[in-house]
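Have a look; sequence and predicted model below, questions after that.
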Amino acid sequence: METNEEMVEVYRRLWLARHHDLLVEDWKLKGKILGSMQTTVGQEAIGIGAGAALRKDDFIMSTHRNRSHMIGKGADIYKMAAEILGKKTGCAKGKAGQMLLVDGEVGALGGCGIVGGGTTVAAGYAMGFKIQKTDRVALTYFGEGASSEGSTHEAMNFASAKKYPVIFLCENNGYCLTVAQMEVTSVKDIADRAQGYGMPGVIVDGTDVMAVYEATKAAVERARRGDGPSLIEAKTWRWGGSDVGDKNEYYPEQYWKDAKNNDPIIKFEKVLIEKLILTESQAKAIEKQTKETIDDAYSQAGKDPESGADEFWSNVWAV
């Protein structure tokens, strides 16, 4: 994010992520989308900020809460929409659904329905990059709940021991499913766990897209130099429950107040206006245009042919 144009693009992607998740939440509640649905409303700055610090040929591994990660990496909005709706035109021909979105052309190599499952995969990608002697890096997103999974600890230990170029980015929204993180985690800050693996651990404001970008950029530069992995803990708020339709009765009232007072889009918009990068009218125009982009993608994808039995064995290999 070295130029004004890059900062405006980040702002645009923040709104794309917000409008996208608001739409899929609405469609899910109306029965237009099948299966479970989890959104990233309120924590978009993490995926967008981290994505801005990566190159196109770097890889990311995402989670079940993945749309902002995908958009931050530059994934195709239309193909995402078609996949979520189970269409043949989807990024996985309608067979993966919303949890497993993928766009190999921009290095967004999939969401993961298994908590903590993507951390070992990202470490494997990073191992490959080191074997190939490239300066590419891998970044894996995971939540505070996944930080206690054995797979995550194994991935961090192995990556640090071998100095693999991978960034572990924990999106800490304070709740492991429906339980407060402080009730089930032995440390106050997830970043402290980095000490046990001999890697840097930093805490950033996950509602500040520039802070996330700068922390990720530093970790990426460290990885490209061959100095190994880093752990970033981005503290944020989740504006909805664990799943769409969740009654959210486990949140204290103060959580909602803090969440709404830390809207990452509004915070970044104020920065852009204060720096004279955008005017208020230009910001409103971007908000409107990005909503139209999402609406148009889903309107068109909704008319596409459904994925059926003829696609069942496509893109499947046997060895």
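Sure, I can see it.

I'd assumed Phe247 was in a helix, is it?
For residue 247 the amino acid is Lys, not Phe. No. Under the criterion used here (DSSP: H, G, I helix; E, B strand; the rest coil), Lys247 is coil, not part of a helix.

residues making contact with stretch 267-276?
Contact partners of stretch 267-276, identified using CB atoms under 8 Å, 6 or more residues apart in numbering, comprise 7-8, 10-11, 14, 45, 207-210, 278-280, 283. Bear in mind the C-beta positions are built from the backbone N, C-alpha and C, glycine included.

So for Ala234, what's the nearest residue that isn't a sequence neighbour?
Once flanking residues are discounted, Ala234 sits nearest to Gly206: 3.3 Å by CB to CB, 6 or more residues apart in numbering.

what sits against that neighbour?
Contacts for Gly206 were tallied using CB under 8 Å, 6+ apart; they are 43, 45-46, 171-173, 212, 234-236, 264.

Just send those back as TSV, with pLDDT and secondary structure too.
Below are those laid out as TSV (pLDDT from 0 to 100; DSSP: H, G, I helix; E, B strand; the rest coil):
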residue	pLDDT	secondary structure
Gln43	94	coil
Ala45	97	helix
Ile46	97	helix
Glu171	96	strand
Asn172	94	strand
Asn173	87	coil
Val212	98	helix
Ala234	98	strand
Lys235	97	strand
Thr236	94	coil
Pro264	97	helix
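
Give me the pLDDT for the nearest residue to Tyr197 once chain neighbours are set aside.
Closest residue in space to Tyr197, ignoring its immediate chain neighbours: Ser160 at 4.3 Å, by CB to CB, 6+ apart. Listed pLDDT for Ser160 reads 97.

ditto for the one 3 residues further on
Listed pLDDT for Lys163 reads 98.

Would you agree it is in contact with Arg222?
No. Contact criterion CB atoms under 8 Å: Lys163 and Arg222 do not qualify, at 10.1 Å.

what is in contact with those two at once?
Common contact partners of Lys163 and Arg222 (CB under 8 Å, 6+ apart): Gly228.
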